[in-house]
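1. Mind folding the following:
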Amino acid sequence: MTHFLDIHKTDPQDLRSILDAAGRIKNARAGRTKGAKDGDQVLDGYIVALIFEKPSTRTRVSFDVGVRQMGGETLLLTGSEMQLGHGETIADTARVLSRYVDLIMIRTFEEEALLELADHASVPVINGLTNRTHPCQIMADVLTFEEHRGPIKGKKVVWTGDGNNVCASFLHAAGQFGFDMVFTGPETLDPERSFIEFARSKGSSVEIVRDPFKAVEGADLVVADTWVSMHDSQTTKERRHNQLRPYQVNEELMSHAKPDALFMHCLPAHRDEEATSAVMDGPHSVIFDEAENRLHAQKAIMRWCLGL
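-> Numbering: from 1, shown residues only. Got it, this is the predicted structure:
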């Protein structure tokens, strides 16, 4: 079964094939490739289950629209509707859904739920996000970088702030695509050691630099993410803001990166917190290209999982 569970669990050649397909799909749909077709109706007759235990805007819309553009149908299921693992077991849910649908995308909290679902499903499963990783987002980010600056191999990516699930998938991608990473943020929010070690084991350089201005020197790409989760308490939010304020991406910080450095944020953003509006709307920013490319990258991932 061809699942898309994490970037480090997918062969680098397959990852590159997915990105190449995403570019072709995007160009064909935009009419930029003369005579090309993006296989819009390739999912005709297919049904894709979209499971959301966590709320979502971009993931929900991009997957739903992607399936529809390719001629398929979606079945949207929320955590409150399913109570995944709280009534029927995850394993039984996987077996039952596999009898009804052709593909399952799940956005959930615990990684164990994703892995158990994949272990027992007889149709492909895609990781739409867990508390540990967010691989679809990073596939879109790599696609976006390469559209603007060419191959990401050998480039320097700087992650600012919290070493969260998106940062984790960036570290996986560093190892698989051959770029280097610098993390700059408070020690209490460092990325999990296993993510760093994976990238290093593949030959990528990974550094932790506490001074954000030193960290971004020579950066080809600077990436930020929200400082707080919607589920954090007010006390947690205040503590995180105090910790992370020195790592805000503003015009002064970007001036220490390469002149043509890009800025990314997976959104939603708390403007003028983790990044200023001047940066988000400025010449370095590609955040809306990045958001659009979730659609194209995920269409390519779904086709890869289904062998289409």
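
2. Please, where are all the helices along the chain?
-> 12-29, 58-69, 79-82, 90-100, 111-120, 135-149, 165-177, 193-201, 212-215, 234-244, 251-254, 277-280, 287-306 (DSSP state H).

3. between the fifth one and helix 90-100, how many degrees?
-> Same thing as helix 111-120. Here the directions of helix 111-120 and helix 90-100 differ by 50 degrees (axes from the mean of the first three to the mean of the last three C-alpha atoms, to 10 degrees).

4. Quick check: which helices or strands does helix 111-120 pack against?
-> Applying 3 or more C-beta pairs under 8 Å, 6 or more residues apart in numbering; DSSP states H and E, we find helix 111-120 packed against helix 90-100, strand 103-107, strand 125-129. No exception for glycine: its C-beta is placed from N, CA and C like everyone else's.

5. now the angle from that helix to strand 103-107?
-> Going by the same axes, to 10 degrees, helix 111-120 makes 170 degrees with strand 103-107.

6. okay, the angle between helix 111-120 and helix 165-177?
-> Helix 111-120 and helix 165-177 are oriented at 50 degrees to each other (the same axes, to 10 degrees).

7. likewise the fourth one?
-> What separates the directions of helix 90-100 and helix 165-177 is an angle of 70 degrees, with the same axes, to 10 degrees.

8. same thing with the first one?
-> Angle between the axes of helix 12-29 and helix 165-177 is 110 degrees (criterion: the same axes, to 10 degrees).

9. for helix 12-29, packing partners?
-> The criterion is 3+ C-beta pairs under 8 Å, 6+ apart, and the helices and strands that helix 12-29 contacts are helix 135-149, helix 165-177, helix 287-306.

10. Flag every buried residue along it.
-> For helix 12-29, the neighbour count (16 or more other C-beta atoms under 10 Å) marks 15, 18-19, 21-26, 28-29 as buried.

11. If you average pLDDT per helix and strand, which one of the chain comes out bottom?
-> For the chain, counting by mean pLDDT, DSSP states H and E, helix 79-82 ranks last in confidence among helices and strands (a mean of 75).

12. what packs against that helix?
-> Right, helix 79-82 is packed against strand 47-52 by 3+ C-beta pairs under 8 Å, 6+ apart.

13. Off-centre distance for the strand it packs on?
-> Put simply, strand 47-52 sits 18 Å off its chain's centre (C-alpha atoms, centre = their mean, to the nearest Å).

14. ok, now stretch 15-23?
-> Distance of stretch 15-23 from the chain centroid (C-alpha atoms, centre = their mean) equals 15 Å.

15. low-scoring stretches of the stretch 201-308 of the chain, by residue?
-> Residues of the stretch 201-308 of the chain meeting the criterion pLDDT under 70: 230-233.

16. which residues touch stretch 295-308?
-> 2-4, 14, 17-19, 21-23, 25-26, 29, 38-39, 42-43, 46, 48, 62-63, 65-67, 69-70, 102-103, 124, 126, 136, 139-140, 143 (C-beta atoms under 8 Å, 6 or more residues apart in numbering).
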